[in-house]
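A.B. asks: pasting the sequence and the predicted coordinates here, then a few questions.
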Amino acid sequence: MSAVVETEDFENAVLPRTASTGKPPSLFIDMDAFADAQRIAKMLGSSELVPQTFRGEKGFASCMIALEMAQRMGASPLAVMQNIYMVHGKPSWSAQFLIASLNATGRFTPIRYQIDGEDMDRGCVAWVQDLETKERIEGPRVDMAMAKAEGWIDKNGSKWKTMPDLMMRYRAATFLVRLVAPEITMGLMTSEERQDIVLEKDITPAMEPGSGIAALQQMIEEQDGKSEVTADAEPQQAVDLEDVELEAQYGDLMEALRNTEDAKEVEAICNTLDDLAARGLPDTHIKRLRDAGEEAERRIAPL
């Protein structure tokens, strides 16, 4: 018998199913599955193909959680790891992953997009057809007026300014997935949604000195030796968030360059590279984006 495991049998091979339900047991409830998952996580964490978040001893716990998520979704562990990002300290999917996951369910036709209108009225509706009932199911309409009202356009580094049609498709598809297959999102937002969140100022009223709550808080802080907040804590967080957003934006731009058939979109992406370099995107990433842009131009150029 061949030792090679066929692709369709991979889940069965590494995640045995229970006799009672026919479904894989939870990694965190079934001890045999937990032990198997640890070996798989160690192997995946030693590969350079998985993102840095899941590598080595530091990423071992995150790798285990990613395996649990992949099992619950019935998805490839590698696909889950490559399409989940930490934005503002919270896990988020890429919009492309949600689109691909819905298309792979076999319950609907692939997602289609209807774009109409001009300027601020320009909008997009994502829709699918139920393969069983033949019903056309539409998601909420996303337009530039909505993007303006929600503050997505005015955010620094916003891609709504440079590639609005792509962002409208991503957002409309995300809304549709949440309506027809919420189990795919597992309650998580997309990285694009996280990046578009406009952080609000803390408007909690300051406690008056000498009040009971203020005195209690001061006692706790003095006991922990934390009566003073370090001045560099907030700037450090901002740097980390910027790095995460740049990495997520890099992935989105590469995906767009691989799939677009619009020369203007390619030009718009290439025009953002100097700004991305100034914001700290690594030179290797910039070079890959330029190479992908040149390849897209050759692909789109008429024969």
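C.D. replies: Happy to help now that I have it.

A.B. asks: where does the stretch 51-200 of the chain have low pLDDT?
C.D. replies: When residues are selected by pLDDT under 70, those of the stretch 51-200 of the chain lie in 87-89, 187, 191, 195-200.

A.B. asks: how about residue 286, what does it touch?
C.D. replies: Contact partners of residue 286, counting by Cβ atoms under 8 Å, 6 or more residues apart in numbering, are 273, 276, 277. In short, each C-beta sits where N, CA and C put it, glycine included.

A.B. asks: that one: which element?
C.D. replies: Under the assignment given by DSSP states H and E, the secondary-structure element containing residue 286 is helix 283-300.

A.B. asks: sorry, back to before: ok, and the most crowded of the contacts of residue 286?
C.D. replies: Comparing the contacts of residue 286 on neighbour count, residue 276 comes out first with 19 neighbours (neighbours: other Cβ atoms under 10 Å).

A.B. asks: wait, that one sits on residue 246?
C.D. replies: Yes. Checked against Cβ atoms under 8 Å, the pair residue 276 and residue 246 is within contact range at 6.9 Å.

A.B. asks: can you get me a residue count around residue 280?
C.D. replies: 10.

A.B. asks: please name the nearest non-neighbouring residue to it.
C.D. replies: In space, not counting the residues next to it along the chain, residue 280 is nearest to residue 246; the distance is 6.3 Å by Cβ to Cβ, 6 or more residues apart in numbering.

A.B. asks: mind listing what the residue lying closest to residue 123 once chain neighbours are set aside touches?
C.D. replies: With Cβ to Cβ, 6+ apart as the criterion, residue 123 has its nearest non-adjacent residue at 3.0 Å, and that residue is residue 143. For residue 143, the contact set (Cβ under 8 Å, 6+ apart) comprises 117, 120, 121, 122, 123, 124, 168.

A.B. asks: count of neighbours near the nearest residue to the first one once chain neighbours are set aside?
C.D. replies: To tie it back to what came earlier, the one meant is residue 117. Taking Cβ to Cβ, 6+ apart as the measure, residue 117 lies nearest to residue 123, with 5.3 Å between them; neighbours along the chain are not counted. The local packing count at residue 123 equals 19, with neighbours defined by other Cβ under 10 Å.

A.B. asks: about what we covered before: out of the contacts of residue 143, which are inside strands?
C.D. replies: Secondary structure assignment (DSSP state E) places 123, 124 from those within strands.

A.B. asks: picking up where we left off before, in the helix holding residue 286, which residues are buried?
C.D. replies: Counting neighbours by 16 or more other Cβ atoms under 10 Å, one finds that the buried residues in helix 283-300 are 285, 289, 292, 293, 296.

A.B. asks: any chance of these in CSV, with distance to residue 173 too?
C.D. replies: Converted to CSV, the buried residues of helix 283-300 look like this (distance: Cβ to Cβ, whole Å):
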residue, distance to residue 173
285, 25
289, 23
292, 22
293, 24
296, 21
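
A.B. asks: sweet, I'm off.
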